[in-house]
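Asks: how would this look folded up:
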Amino acid sequence: MKLRCLLALFLTSLAIHAADKPNIILIYSDDHGWADLGVQGSDKDIRTPNLDAMARDGVRFTRGYVSAPQCVPSRAGVLTGRYQQRFGVEDNNKGPLPLEQLTIAERLKAAGYVTGQVGKWHLDLVGKKGDRLLRASKEHMPHAQGFDEYFRGELRQFYASHDLQGKPFTDAPHLVADNRFRVVVQTEAALSFLDRRTAKPEQPFFLYLAWYAPHVPLESPEPWFSKTPTELPKERRQALAMIAAMDEGLGQLRAKLKAMGQEKNTLIFFIGDNGAPLGKSWDGSLNTPLIGQKGMLTEGGIRTPFLATWPGHLPAGTVYDKPVISFDVAATAVALAGLPKDPILDGTNLDPFLSGQNNGAPHERLFWRWGSQAAVQEYPWKLIRLGEREQLL
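Replies: You can find the predicted model right below:
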């Protein structure tokens with residue numbers, strides 16, 4: 001079934017010239033609360049000059065949502081463009097991502113794209129966390145879901161197709177150890193992927209960069225940590241430093257695209273995978289002024305930093321207030337790649353809404369279900385069933 005779908009997509013895309021297709025980069029941060037973009041204006045201590053510049057150059061979504069308040073289902077949703085409940089990946093213990101589910105990478109490969117993944121994957125975990133049997137299955141790593149190149153990993157160990165100098169491993173997925181700060185390594189891997197694109201600039205690419213920050217374990221990376229306000233709690237300072245490292249990495253990526261002559265031919269999304277955890281599990285990030293946190297279907301759990309930029313195409317400085325959701329990335333990518341609209345996708349192609357061709361709302365309703373909680377939004381109204389969660393005032 002999956003092979004038939006891919007063949008149909010490939011045959012449809014043959015008539016569309018690669019030069020007409022933009023490069024697409026999807027960046028996913030981890031446990032990154034809504035407040036922690038400087039351009040949101042919610043917290044005076046956050047410093048994100050490159051993310052703020054991305055917002056000024058493109059679109060800032062004030063009501064950008066993800067499909068779950070937890071990482072595995074959220075990532076399954078964004079990469080397939082479907083409600084993850086449709087294929088059973090409803091929480092962190094319900095993986096791995098079924099191989100028959102088409103990812104953005106598999107769809108875009110059929111349109112002639114070269115595809116790359118860097119950073120946190122988490123869609124290859126098998127077993128149960130409580131039994132301490134949770135492990136990564138090589139059969140479900142990025143290469144099994146349409147990624148030509150990858151540098152998969154969170155902290156100090158990475159399964160990779162290439163080293164950071166761009167040399168392919170003959171025994172991929174090859175285990176690479178690197179004890180440096182995770183965001184630095186992941187940024188270098190993303191830049192290495194872009195370096196390899198210079199040999200064939202006419203071929204469009206898709207890069208999924210999943211920085212593992214500011215998720216715990218918290219670190220105090222330099223030179224960013226020493227620049228944070230010393231009067232703040234250590235956790236807050238660490239989160240600010242880790243977010244600053246991502247921000248600098250974004251600046252490096254955009255500078256690389258400009259040097260490659262690909263800046264105006266590249267659509268970039270930046271999205272947080274879910275809201276920040278608070279209380280005992282606090283990672284130092286903030287959801288202010290939203291109510292709730294990671295693991296909740298209130299706004300603080302599912303409304304996250306959400307930006308898009310495509311210089312020369314999307315109007316600069318746009319603040320978009322209508323609700324959008326992470327599913328929309330896949331639907332947008334499919335449309336821009338010239339592929340036929342697939343009715344199984346739950347998202348909406350955002351391009352006509354953002355470029356001014358359509359003044360309506362991308363969605364009439366949005367739905368969520370996670371654990372014992374459920375929610376439906378028909379903007380400006382939202383109905384939440386908290387389930388086992390305590391009542392919120």
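Asks: which stretch of helix or strand covers the closest residue to residue 367 other than its chain neighbours?
Replies: Closest residue to residue 367 apart from its sequence neighbours, by Cβ to Cβ, 6 or more residues apart in numbering: residue 376 at 5.3 Å. For glycine as for every other residue, the C-beta is placed from the backbone atoms N, C-alpha and C. Residue 376 belongs to strand 373-378 when elements are defined using DSSP states H and E.
Asks: partner strands of that strand, parallel or antiparallel?
Replies: Looking at strand 373-378 with DSSP bridges, its partner strands are strand 366-370 (antiparallel), strand 381-385 (antiparallel).
Asks: so how far is the first residue of stretch 56-71 from its last?
Replies: From its first residue to its last, stretch 56-71 covers 28 Å (Cα to Cα, to the nearest Å).
Asks: likewise stretch 345-365?
Replies: End residues of stretch 345-365 are separated by 15 Å (Cα to Cα).
Asks: averaged pLDDT, that stretch. What do you get?
Replies: What stretch 345-365 shows for mean pLDDT is 95.
Asks: buried sites along the strand holding residue 376?
Replies: 373, 375, 377 (16 or more other Cβ atoms under 10 Å).
Asks: give me the neighbour count for the spatially closest residue to residue 361 that is not a sequence neighbour.
Replies: Nearest residue to residue 361 in three dimensions, chain neighbours excluded: residue 322, at 4.7 Å (Cβ to Cβ, 6+ apart). By other Cβ atoms under 10 Å, the residues close to residue 322 number 15.
Asks: touching, residue 322 and residue 358? I think so.
Replies: No - counting by Cβ atoms under 8 Å, residue 358 is not a contact partner of residue 322; they are 10.6 Å apart.
Asks: for the stretch 51-200 of the chain, which segments count as helices?
Replies: In the stretch 51-200 of the chain, the helices defined using DSSP state H, counting those that start in this stretch lie at 71-80, 104-109, 182-197.
Asks: reformat these as JSON lines; add mean neighbour count, mean pLDDT and distance to residue 87.
Replies: Below are the helices of the stretch 51-200 of the chain laid out as JSON lines (neighbours: other Cβ atoms under 10 Å; pLDDT from 0 to 100; distance: least, Cβ to Cβ, whole Å):
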{"stretch": "helix 71-80", "mean neighbour count": "27", "mean pLDDT": "98", "distance to residue 87": "8"}
{"stretch": "helix 104-109", "mean neighbour count": "24", "mean pLDDT": "98", "distance to residue 87": "14"}
{"stretch": "helix 182-197", "mean neighbour count": "21", "mean pLDDT": "98", "distance to residue 87": "27"}
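Asks: so for residue 280, which of those helices sits nearest?
Replies: When the helices of the stretch 51-200 of the chain are compared by Cβ to Cβ, helix 71-80 sits nearest residue 280, at 18.3 Å.
Asks: dump the residue contacts of residue 313.
Replies: Residue 313 makes contact with 22, 264, 267, 355, according to Cβ atoms under 8 Å, 6 or more residues apart in numbering.
Asks: OK, contacts around the closest residue to residue 220 other than its chain neighbours?
Replies: The shortest distance from residue 220 to any non-neighbouring residue, by Cβ to Cβ, 6+ apart, is to residue 238 (5.5 Å). For residue 238, the contacting residues are 214, 218-220, 225, 284, by Cβ under 8 Å, 6+ apart.
Asks: counting neighbours, which of those residues comes out on top?
Replies: Looking at these with neighbours defined as other Cβ under 10 Å, the largest count falls to residue 214 at 30 neighbours.
Asks: mind checking pLDDT for that one?
Replies: 98.
Asks: pretty sure it contacts residue 46?
Replies: No - assessed by Cβ under 8 Å, residue 214 is found out of contact with residue 46, at 11.1 Å.
Asks: thinking again about what came up before, pick the one among the contacts of residue 238 closest to residue 249.
Replies: residue 214 (13.1 Å).
Asks: could you list the low-pLDDT ranges of this protein?
Replies: Applying pLDDT under 70 to the chain flags the ranges 1-19, 128-134, 389-393.
Asks: tell me which residue of it is furthest from the middle?
Replies: Here the chain reaches farthest from its C-alpha mean at residue 231, the gap being 31.8 Å by Cα atoms, centre = their mean.
Asks: so that one: helix, strand or coil?
Replies: Going by DSSP: H, G, I helix; E, B strand; the rest coil, the secondary structure assigned to residue 231 is coil.
Asks: remind me, longest helix of the protein?
Replies: Longest helix in the chain, counting residues (DSSP state H): helix 234-260.
Asks: I'd like the next helix or strand past it.
Replies: Moving toward the C-terminus from helix 234-260, the next helix or strand (DSSP H and E) is strand 266-272.
Asks: other SSEs contacting that following strand?
Replies: With contacts taken as 3 or more Cβ pairs under 8 Å, 6 or more residues apart in numbering; DSSP states H and E, strand 266-272 sits against strand 23-29, helix 49-57, helix 234-260, strand 306-309, helix 327-336.
Asks: make a markdown table out of these and add distance to residue 98.
Replies: Output for the helices and strands packed on strand 266-272, formatted as a markdown table (distance: least, Cβ to Cβ, whole Å):
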| stretch | distance to residue 98 |
| --- | --- |
| strand 23-29 | 20 |
| helix 49-57 | 33 |
| helix 234-260 | 30 |
| strand 306-309 | 27 |
| helix 327-336 | 16 |
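Asks: which one of those lies closest to residue 119?
Replies: Closest to residue 119 of the helices and strands packed on strand 266-272, according to Cβ to Cβ: strand 23-29, at 7.9 Å.
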